[in-house]
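In: sequence and computational prediction follow.
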Amino acid sequence: MVGASFAQRSHLTEGDNYFKKRFYKEAIEEYKLALEEDIVVNKLYMTQQIARTYKNLFDYENAELWYSKLIALGDDNDAINYLHYAQILSNNEKYDEAKVMYRKYAQKSGKAQEKYDMISDWAKANKDSINERLIVSKTNIETGSRSMGVAYLNGQLYYAKPQVQDFETKTVFYDLSWMKENDTVTFGEGETLSNEVNHSFYEGTPFITADGNTMYYTANASEITKYRSKKAERKNLPISKSGENILKIYKVEKLAGKWDKISELNINGNNANNAFPHVSADGKYLYFASDREGGQGGYDIYRSSKINDSVWSEPTNLGPKVNSDMDEMYPFANDTAFFYSSKGKAGFGGADVYWAPLSGISLGQVKNMGKPVNSSKDDFSFILKPNEEGLLEGYLSSNREGTHGYDHIYYFHHLAAPEYPDTIQGLALNKITLKPIEGVAIILDKIEEDGKKNVLNTATGSDGMITLILDKNVPYTVTFNKEGFKPVTFEIPPTDRDDVLAKFGRIPLEPVAEKNTIIQIPNIYFDFDKASIRKESYEVLDNIVNYLNDNPDIRVELSAHTDARGSDSYNLALSQRRANSTVKYLIEKGIDKKRLVGRGYGEKKIQNRCKNWVKCSDEEHEFNRRVEMRVL
């Protein structure tokens, strides 16, 4: 019995070692041997590892079988196992069963159930919806069990080629290769790049610059096959603290027709995977995926700005609009749209391809590409190739055929030119103070034959930012409204929108001119301890002039306020001088002095806790130094 227990531990240890190194085929065999011993000490753990390994192999048929065995072992399961099982069921289009498991995951993890109900309900509602104008065809490229990204340039497709063809029983690694295009779905024999680029383990996810002279790609960081985390740390080996041979992004240049001069990108580290590089057409931005700390969860998409040929800026996470608590991968961008794959957004199961309008680095609303680009399995590595007619055309990878998760490369083309919507961004500002306004209601209506249809009701945040996604060839009206301000409405025509869209940089809202309306104007500045107005205040004062000219029937009080530092009498006198200076400026700009009252309140109307003898920061005191305008 002792021997059986030792044998189990031996197989389990080997299985865990293989799992860390991503030798998933070998890991499964060791885990199964451990599970078959006479004494099984931790059946739940070993069943879990087999299920997770099949999931990592994208073998959804066997993964479903083993996750069902795992969940049957009872409530000792971690919450994540219910999530994984729900995902596998979705991969196999069992959306109702998946919904049950999603709910169990939400209950066990404390997550919001509504999100997972939405994922299941969306998949079920859209599973039969297919864009018949988009054609997807399988190519003749054989990638074995994995397809790890493609790049297209001048009639050549770059891809990851299996090092050996025995991918049924052994873990197969990949080398970067290329093949010549015979036609859109037929390619010649694959030719492996030089040994300068390719090594023992994984090389893949190529991106090639338009001139064909620079390639970015992903590879394992180390060549060693046996390692321990302590040894790795002592010898400064590129192995993570958990003992994982991590992925890094590299750059290689073509010199005299040969790929040479490899360098590691500075955005890498030894305790996070970085993969799937894509550089914007202008060369300014690097998009990639990483599972580094501080993300939304799993792999997230990040963006870095180019500083020089060898240095990229600190990566910026693209945030929850793009990323989820699961994996986001394979970013691709052209001048007008951004594409990537996600496992955490509403989709059909597995990884789906999503897109968003792109203007500079500003992203619009993210949408699922739908079928037939997507399926209930994994769809990823979506790239576009040049098309003279502006049609959507390119390649993607998918394991949609069969039950054991083997990837293939597919060609797709659209029968009509896609129309990306207009993305409009603006800033809601107080017309007088030029400060952003929070809580401005945004009401967007689409004009249809039978009347208006509301398509958006939202509000600005503290930054006052406004983002609208507008379909082309459709008229809209948009209204911006907030209590205390006059509403603003724009009519947006279906075509020739340039004049209207140009108005959306700044959207000034004018305060209503009703009795006792108080407008705080914090950006009228005076020299320290003086009543002379500083030049940077002139723009706001001129806005007050315009406001009074637009409302010729109103009188206003211009009041100046100080903080509590200094004596009460001194502050009162100083504030009166400042109020008088403000009134004088307006009179000099043509406002009738009968319409203006200048009054200094000193420290009588402190707006926070910073009264006499209270210790406050400079920022807290500054909050009380202000000019206010009140309609009389």
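Out: Thanks, I have the structure now.

In: which residues in the stretch 501-632 of the chain form helices?
Out: For the stretch 501-632 of the chain, applying DSSP state H, counting those that start in this stretch gives helices covering 538-550, 568-588, 618-622.

In: average model confidence for the last one?
Out: Here the mean pLDDT over helix 618-622 is 82, rounded to a whole number.

In: can you redo the helices of the stretch 501-632 of the chain as a markdown table with distance to Asp445 and mean neighbour count?
Out: In short, each C-beta sits where N, CA and C put it, glycine included. Formatted as a markdown table, these follow (distance: least, Cβ to Cβ, whole Å; neighbours: other Cβ atoms under 10 Å):
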| stretch | distance to Asp445 | mean neighbour count |
| --- | --- | --- |
| helix 538-550 | 27 | 16 |
| helix 568-588 | 40 | 18 |
| helix 618-622 | 42 | 12 |
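
In: how about those in CSV, adding distance to Tyr411?
Out: Shown next, in CSV, are the helices of the stretch 501-632 of the chain (distance: least, Cβ to Cβ, whole Å):
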stretch, distance to Tyr411
helix 538-550, 56
helix 568-588, 68
helix 618-622, 59
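
In: what stretches of this protein score poorly on pLDDT?
Out: 1-9, 38-40, 145, 165-170, 221-244, 402-405, 417-419, 528 (pLDDT under 70).

In: all helices for it, in order.
Out: Assigned by DSSP state H, the chain shows helices spanning 2-20, 24-35, 43-56, 60-71, 79-91, 95-109, 113-126, 229-234, 498-501, 538-550, 568-588, 618-622.

In: in the shortest one, what counts as buried?
Out: Burial within helix 498-501, assessed by neighbour count using 16 or more other Cβ atoms under 10 Å, is assigned to Leu501.

In: who touches that helix?
Out: Helix 498-501 has contacts (Cβ atoms under 8 Å, 6 or more residues apart in numbering) with Asp422, Ile424, Phe490, Glu491, Ile492, Pro493.

In: what of the fifth one?
Out: Outside helix 79-91, the residues that touch it by Cβ under 8 Å, 6+ apart are 48, 51-52, 55, 60, 63-64, 67-68, 70-71, 95, 97-99, 101-102, 104-105, 108-109, 116, 119-120, 123, 343, 348-350, 376-378.

In: let's see 7 Å
Out: Residues outside helix 79-91 that contact it (Cβ atoms under 7 Å, 6 or more residues apart in numbering): 48, 52, 55, 60, 63-64, 67, 70-71, 97-98, 101-102, 104-105, 108-109, 123, 349-350, 376-377.

In: same thing with the second one?
Out: With Cβ under 7 Å, 6+ apart as the test, helix 24-35 has contacts from 8, 11-12, 14-15, 18-19, 46, 49-50, 53, 56-57, 169-171.

In: how near is the nearest residue to Asn473 once chain neighbours are set aside to Leu470?
Out: Distances taken as Cβ to Cβ, 6 or more residues apart in numbering put Pro494 closest to Asn473, at 4.8 Å, once the chain neighbours are dropped. Using Cβ to Cβ, to the nearest Å, one obtains 10 Å as the distance from Pro494 to Leu470.

In: neighbour-wise, which of those two wins?
Out: Leu470 (22 against 13; other Cβ atoms under 10 Å).
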